[in-house]
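Q: Just the structure for this:
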Amino acid sequence: MMEVEEWAWRHNLSFGEAIEKALRDLVKKDQEEDFLKALEGIPEDDEPVTDEDRRCIEQAIKEHAAGETIPIEEVMREYGIQS
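A: Numbering: from 1, shown residues only. Have a look, this model is predicted:
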């Protein structure tokens, strides 16, 4: 599974747009309306992706490929988050 930052970069989306799409895909249809209402007050991320952002994303991709990252499932377990 691609990281959100990589996916956003490859699809020329802001990080906020990518997060919104990812969350929409995860939220069950019966919860979508409540979820979208909760997002209404959050300002849109309109910052462009910088060269530094791209370098960080490339580094993260390399770390992921080398197995140097922590799976999201492990992080969720550590913090008691259920999907």
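Q: Just the pLDDT for Lys29.
A: pLDDT for Lys29: 62.
Q: now swap in Gln59 and tell me
A: Listed pLDDT for Gln59 reads 92.
Q: Low-confidence ranges, this protein, go.
A: For the chain, applying pLDDT under 70 flags the ranges 1-4, 7, 26-30, 83.
Q: try it again with 90
A: Counting by pLDDT under 90, the chain contains low-confidence ranges at 1-49, 57, 60-61, 64-65, 67-83.
Q: list the buried ones in the longest helix seen in the chain?
A: For the chain, the longest helix by residue count, based on DSSP state H, is helix 51-65. By 16 or more other CB atoms under 10 Å, the buried positions in helix 51-65 come out as 57, 61. Every C-beta, even on glycine, is put in place using the N, C-alpha and C of the backbone.
Q: same check, this time on stretch 73-82
A: By 16+ other CB under 10 Å, stretch 73-82 has no buried positions at all.
Q: Off-centre distance for it?
A: From the chain centre to the centre of stretch 73-82 is a distance of 16 Å (CA atoms, centre = their mean, to the nearest Å).
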